[in-house]
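Participant: based on what follows, work out the 3D shape:
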Amino acid sequence: MAAERVVQAYIALGANLGDAAAALRRAASALDRLPLTRVRRMSGLYKTAPLDTDSGEAIAPGGDYLNAVVELETGLAAPALLEQLQRIEQEAGRQRPYRNAPRTLDLDLLLYGSARIESAQLTVPHPRMLLRAFVLVPLAEIAPERVSPEQLAAVAHQAIERLGDFTV
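Facilitator: Sure, this is the predicted structure:
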């Protein structure tokens, strides 16, 4: 990765259909195999109730989610990274029958270096990450400088349980 611009990117992983733990492990391995990309840090594995993705409050349909956040070091441009995330989701059987549908795998690009991106395909920082304990708590675990105490306090009412280390 010496010749390319290398950026730290943070990806939220989630699943609540099938063997969610195995899906997250496969996704982390797939992320580590992306061109010009390596997984550098992984949060623990967390269990959370499904939340409405817009408000972070109302319970959405489906069973509990397993969640984690990984830090990538990547030479991929943000749109190319997003394309790879969507490919990994599709390979895991991700379907989008309706908003907030249960998922075999969900990969969200949370942060891409210090970039602020607003396009039809991609918004970075992720527009709803500050509403979600299942994002902020694991992100704070691996990158405490990226999450303020005030941001954590704002989602402290959302139930989240650390299940243990997340290993591939």
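Participant: and the residue nearest to residue 122 when sequence neighbours are not counted, what is it in contact with?
Facilitator: Distances taken as C-beta to C-beta, 6 or more residues apart in numbering place residue 82 nearest to residue 122, at 5.2 Å, with adjacent residues excluded. (C-beta placed from N, C-alpha, C; glycine too.) Counting by C-beta atoms under 8 Å, 6 or more residues apart in numbering, residue 82 touches 109, 121, 122.
Participant: and the pLDDT for residue 82?
Facilitator: Turning to residue 82, the model gives it a pLDDT of 95.
Participant: any idea how far residue 10 lies from residue 20?
Facilitator: Noted for residue 10: a distance of 20 Å to residue 20, by C-beta to C-beta, to the nearest Å.
Participant: neighbour count winner among these two?
Facilitator: For residue 10 versus residue 20, neighbours defined as other C-beta atoms under 10 Å are more numerous around residue 10 (26 against 22).
Participant: that one and residue 44: what is the separation?
Facilitator: 15 Å.
Participant: quick one, helices of this protein?
Facilitator: 20-32, 78-91, 133-142, 149-154 (DSSP state H).
Participant: and those helices, which is most packed in?
Facilitator: Highest mean neighbour count among these (mean count of other C-beta atoms under 10 Å): helix 133-142, with a mean of 23.
Participant: I'd like the average pLDDT over that helix.
Facilitator: For helix 133-142, the per-residue pLDDT averages 97.
Participant: pLDDT below threshold where in the protein?
Facilitator: Counting by pLDDT under 70, the ranges of the chain that qualify are 1-4, 52-62, 94-102.
Participant: apply 90 and report the result again.
Facilitator: Of all residues in the chain, those with pLDDT under 90 make up the ranges 1-5, 17-18, 49-63, 90-104, 120, 127, 167-168.
Participant: which stretches in it count as strands?
Facilitator: Secondary structure of the chain, counting by DSSP state E: strands at 7-15, 37-42, 45-48, 65-74, 106-112, 117-118, 123-124, 160-164.
Participant: nearest to residue 89, out of these?
Facilitator: Nearest to residue 89 among the strands of the chain is strand 106-112 (5.6 Å), distances taken as C-beta to C-beta.
Participant: for the nearest residue to residue 69 once chain neighbours are set aside, give me its contacts.
Facilitator: In this structure, residue 69 finds its nearest non-sequential neighbour in residue 138, 4.0 Å apart by C-beta to C-beta, 6+ apart. If you count contacts by C-beta under 8 Å, 6+ apart, residue 138 has them with 12, 43, 44, 46, 67, 68, 69.
Participant: just send those residues back as a markdown table, with distance to residue 155 too.
Facilitator: Formatted as a markdown table, those follow (distance: C-beta to C-beta, whole Å):
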| residue | distance to residue 155 |
| --- | --- |
| 12 | 13 |
| 43 | 15 |
| 44 | 17 |
| 46 | 12 |
| 67 | 13 |
| 68 | 16 |
| 69 | 14 |
